[in-house]
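Chemist: Predicted model and sequence below, questions to follow.
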Amino acid sequence: MTQQNHRTISMSRAVTYFILSLVINSAGNVLTLVTSAKIHPSFLGAAYWSAAEANLGTAFHWNLFWAFLIMGFLTSVLNAILIHHWDWKRVAGNMVFMVPFSALIQIFEDFFEGKYPALFTGLPDAHSTGMVIFYVALNFLGVALIATAISIYQRVNLVLHPADDLMQILRFRYFKGNATRAMWASYIPPTIMAIVALVITRQFTNFGLGTLFAFLAQGSITGIADKLVFPHLKHQALDVGQDFTPKEE
């Protein structure tokens, strides 16, 4: 993998890649949420960060909007600490990312729930072993889509979700380009969130088989996607700190 400290693709191509990755990421996130809700009792769980933020929101009586926004901003602060530099433009980009992302999440949720019956009547509840297996496969596919989308928009590097910005900083500043180790390290903050929520609520919800799969495999899938999905797209304008030159393993 080659990193570029400048841009080698046009802005129109960068925006096209970014929009495509947003759509893929949103679809993947909704697949993990919807498939989990269609199995009773639910055992799949949500994506790792989403599960932790939802639990913390419950603990502090925040709705999902405020839970995601507050934790996103705090993650941006952590990112600034890790790169030894506060950059308002970068933080604003982190926050801006959430607006179209949230809108697409809602659109895909409505689609998979059957609110556009002319296009799709929605995913039914699982009432058989075969349906349960099918939804587990869809849940894992959702995780793979999320990981692939992260690969694309991290390489484009226009604006990033704070959690993905954290993963990229860790990957190139501290782990020599290793996506798997960086993803695992980036899960430390949500793990702390989940522990705090557990202490407060005495409940451990939103975590399950799909969450475990995301924890174990998402970073590796991102690394594989770097090589197989748009392989000529290199990391653009990579910035993991003004005092640091990115290295790779």
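Modeler: Received it, and whenever you're ready, just let me know what you need.
Chemist: CA only for contacts and neighbour counts going forward, please
Modeler: Will do.
Chemist: dump the residue contacts of Ala197.
Modeler: Residues near Ala197 by CA atoms under 8 Å, 6 or more residues apart in numbering: 55-56, 58-59, 203.
Chemist: Show me which of those are buried.
Modeler: With burial judged by 16 or more other CA atoms under 10 Å, the buried subset of the contacts of Ala197 is 55-56, 58-59.
Chemist: that older thread, of the contacts of Ala197, closest to Leu238?
Modeler: Leu56 (31.5 Å; CA to CA).
Chemist: For that closest one, which non-adjacent residue is spatially closest?
Modeler: Ala197 (5.0 Å; CA to CA, 6 or more residues apart in numbering).
Chemist: Okay, the one you found and Val96: tell me how far apart.
Modeler: In this view, Ala197 and Val96 are 27 Å apart by CA to CA, to the nearest Å.
Chemist: Then Leu119?
Modeler: Relative to Val96, and taking CA to CA, Leu119 is found at 30 Å.
Chemist: More neighbours: which of those two?
Modeler: Neighbours around Leu119 and Val96, counted as other CA atoms under 10 Å, are more numerous at Val96. The numbers are 14 against 9.
Chemist: what helix or strand does the more buried one sit in?
Modeler: helix 88-112 (DSSP states H and E).
Chemist: Name the residues of that helix that are buried.
Modeler: So for helix 88-112, counting by 16+ other CA under 10 Å, buried means 90-91, 93-95, 97-98, 101, 104-105, 107-112.
Chemist: Please identify which pair of those lies farthest apart.
Modeler: Every pair of those checked by CA to CA; the farthest is Arg90 and Phe112, at 33.0 Å.
Chemist: shaky segments in the chain?
Modeler: Within the chain, the ranges that satisfy pLDDT under 70 run 1-5, 242-249.
Chemist: And stretch 41-49, end to end?
Modeler: The first residue of stretch 41-49 is 22 Å away from its last residue (CA to CA).
Chemist: For Pro41, see how far away Gly28 is.
Modeler: From Gly28 over to Pro41 (counting by CA to CA), the distance is 22 Å.
Chemist: who's more crowded, these two?
Modeler: Gly28 (26 against 8).
Chemist: got the buried residues for the one helix or strand that one maps to?
Modeler: Here Gly28 sits within helix 11-37, counting by DSSP H and E. Buried residues in helix 11-37, counting neighbours by 16+ other CA under 10 Å, are found at 14, 17-19, 21-37.
Chemist: Count the residues that sit near the closest residue to Val240 other than its chain neighbours.
Modeler: Of all residues not flanking Val240 in the chain, Ile169 sits nearest, at 5.1 Å (CA to CA, 6+ apart). Neighbourhood size, Ile169 [other CA under 10 Å]: 24.
Chemist: sec struct for Ile169, please.
Modeler: helix (DSSP: H, G, I helix; E, B strand; the rest coil).
Chemist: Tell me if I'm right that it and Asn79 touch.
Modeler: Yes: assessed by CA atoms under 8 Å, Ile169 is found in contact with Asn79 at 7.4 Å.
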